[in-house]
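[1] Sequence below, structure please.
(one chain, ligands or ions: 2)
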Amino acid sequence: MLYERVILPFFRRASRSAMAFDAGPVEPPVPPPGGAAFLYVHIPFCRVLCPFCSFHRVQYRDAKAARYFKALRREIETYRDAGFRFNGVYVGGGTPTVAPRELAATLELIRGSFPVGEISVETNPNDLTPEVIDLLEASGVNRLSVGVQSFDDGLLREMERYEKYGNRTEILANLERARDRFDPLNVDMIFNLPHQTPEILERDLDTVLDSAADQVSFYPLMTSDEVRRKMTARMGRLDRRRVREYYGRILSRLRPEFTAQSAWCFSRGRGAVVDEYIADAGDYVGVGSGSFSYVGGVMYATTFSLNAYSDRIARGQPAVTQRRALTLHEQMRYEMLLRLFGLRMDHDWLNRRFGDRFARLMFAEMAALKSIGAVVEDELGYALTERGMYLWVLMMSAFFESVNVFREKMRLHIHAELERDEDVEEAAVALERITRWARR
Ligand SMILES: C[S@@+](CC[C@H](N)C(=O)[O-])C[C@H]1O[C@@H](n2cnc3c(N)ncnc32)[C@H](O)[C@@H]1O
Ligand code: SF4
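    Ligands and ions are numbered 1, 2, ... in the order given. Now for the predicted structure:
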């Protein structure tokens, strides 16, 4: 396939270079005109660390979490005082519900500070207790996303989730408890797990269709080299050649009962999206250790060291430690990727974002996407075709894999803190070295 052999390698290189941050002192993002932006809040704690996961997450400890949440609320106040007006919030992790009262206090601050229209939170099935569900509802959470990955007990064991996060029967009972309490109730699933046969995937699809979930996000398994090594020992070898077949099965089984909201997110009927990566405003601010922001064409990364994060906030310093100003062309490519991931990119939106410069600068890319049948253009704008949805699954995976590689380097940076639980304030590896690696 042309796009697997030509477009993807090109795209992979471009995404890696977008993650090559400049080292040196960094000023935090300033509000765009009007201050509107989307807020992402990162909670990096989990009770058990799954072997396939490349997100910034650490083992939960009471004292560490208490210190972290305090700093997090202070950081949110800093953005409020700087003039940001967040219109929506997504709390992701790690596991945001690992300390429910701390989460509720943080949401109370956010709701009291900003006109947030929607509040989305990620959780694990074992946290769906009556108390936590009530607390989330009382905190204004309208969208809840539950990480299931698979309903297959064998795969859950391999993923080391069976004991702590629940087996098939327990997960289904917990989802039932949350039925009709959120709009939507989303389940996160993974396809192309090494030992996931077509039959297991079909059973997972049947179970999703019969479950209390009114939305499902089906991610292809994405890795980085380091995670792949750990994962292979525990879960088997990844075979990327099955992605096309498995994705085809997902599309044909979920529709028509579910409607695609993005290339890998589907809602029962025509429900709304709960995908953290399509922020309508375009600009988003990430708070918390290991989060990313994108404001005014500049990408920022916040320190991955939990100790440095709390110390910096306590000293009144910005928690962002790296930045990378994207060229106008890079901004257009990045925003197009996210926008079309949500299936449509309208001329009106493009005009608001870029005026008439998009048509000139992105002429070659749009012509190539149309010529391979990935995108069609109508009077309102561009739309992803079914072929395009598959290409976007590959491109978004390539993009997240380069983010995963960056996270991996950052984990090396804070090795002592993560592995030995040491109270190291400064990084074990200089940021400049990480920047050089990322450029390779
Ligand atoms: C980072 S987790 C946070 C929420 C919660 N801790 C959980 O496990 O669902 C959000 C989702 O990311 C997805 N995810 C994590 N690692 C992944 C990987 N290597 N490839 C694809 N999806 C992954 C899982 O579906 C997971 O539910
Ligand atoms: S998948 Fe979820 S629970 Fe597992 S380590 Fe990643 S963030 Fe934590």
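[2] can we go C-alpha only for contacts and neighbour counts from here?
    OK.
[3] Any residues of this structure in contact with ligand 2? List them.
    Contacts of the chain with ligand 2, taken as Cα under 6 Å from any ligand atom, map to 46, 49-50, 53, 55, 93-95.
[4] now, which of the residues you listed lie within strands?
    Among those, the ones falling in strands (DSSP state E) are 46, 93.
[5] that's a strand at residue 180, yeah?
    No: under DSSP: H, G, I helix; E, B strand; the rest coil, residue 180 falls outside any strand and is assigned coil.
[6] pLDDT wise, what is the residue in the stretch 151-300 of the chain that ligand 2 sits nearest to at?
    Closest to ligand 2 within the stretch 151-300 of the chain is residue 161: 7.6 Å, counting by Cα to the nearest ligand atom. Note for residue 161: predicted pLDDT of 97.
[7] among the residues of the chain next to ligand 2, which ones are buried?
    46, 49, 53, 93-95 (16 or more other Cα atoms under 10 Å).
[8] I'd like to know how many residues surround the nearest residue to residue 260 once chain neighbours are set aside.
    Closest residue to residue 260 apart from its sequence neighbours, by Cα to Cα, 6 or more residues apart in numbering: residue 266 at 4.3 Å. By other Cα atoms under 10 Å, the residues close to residue 266 number 27.
[9] Same question for residue 199.
    9.
[10] what kind of secondary structure is it in?
    helix.
[11] again with the one 10 residues further on
    Secondary structure state of residue 209, per three-state DSSP, is helix.
[12] State the pLDDT value of the residue lying closest to it once chain neighbours are set aside.
    Sequence neighbours aside, residue 254 is the residue nearest to residue 209 in space, at 7.4 Å (criterion: Cα to Cα, 6+ apart). pLDDT recorded at residue 254 is 97.
[13] sorry, back to before: turn the residues of the chain next to ligand 2 into CSV, columns for pLDDT and distance to ligand 1.
    What follows is the residues of the chain next to ligand 2, written out as CSV (pLDDT from 0 to 100; distance: Cα to the nearest ligand atom, whole Å):
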residue, pLDDT, distance to ligand 1
46, 97, 7
49, 94, 9
50, 94, 8
53, 93, 4
55, 93, 6
93, 96, 5
94, 96, 5
95, 98, 4
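[14] could you measure the closest residue to ligand 2 within the stretch 51-200 of the chain against residue 166, distance?
    Residue nearest to ligand 2 within the stretch 51-200 of the chain (Cα to the nearest ligand atom): residue 94, separated by 3.6 Å. Distance of residue 94 to residue 166, given as Cα to Cα, to the nearest Å: 17 Å.
[15] and the host helix or strand of residue 339, which residues are buried?
    Per DSSP states H and E: residue 339 is located in helix 328-341. Under the neighbour-count criterion of 16+ other Cα under 10 Å, helix 328-341 has 331-341 buried.
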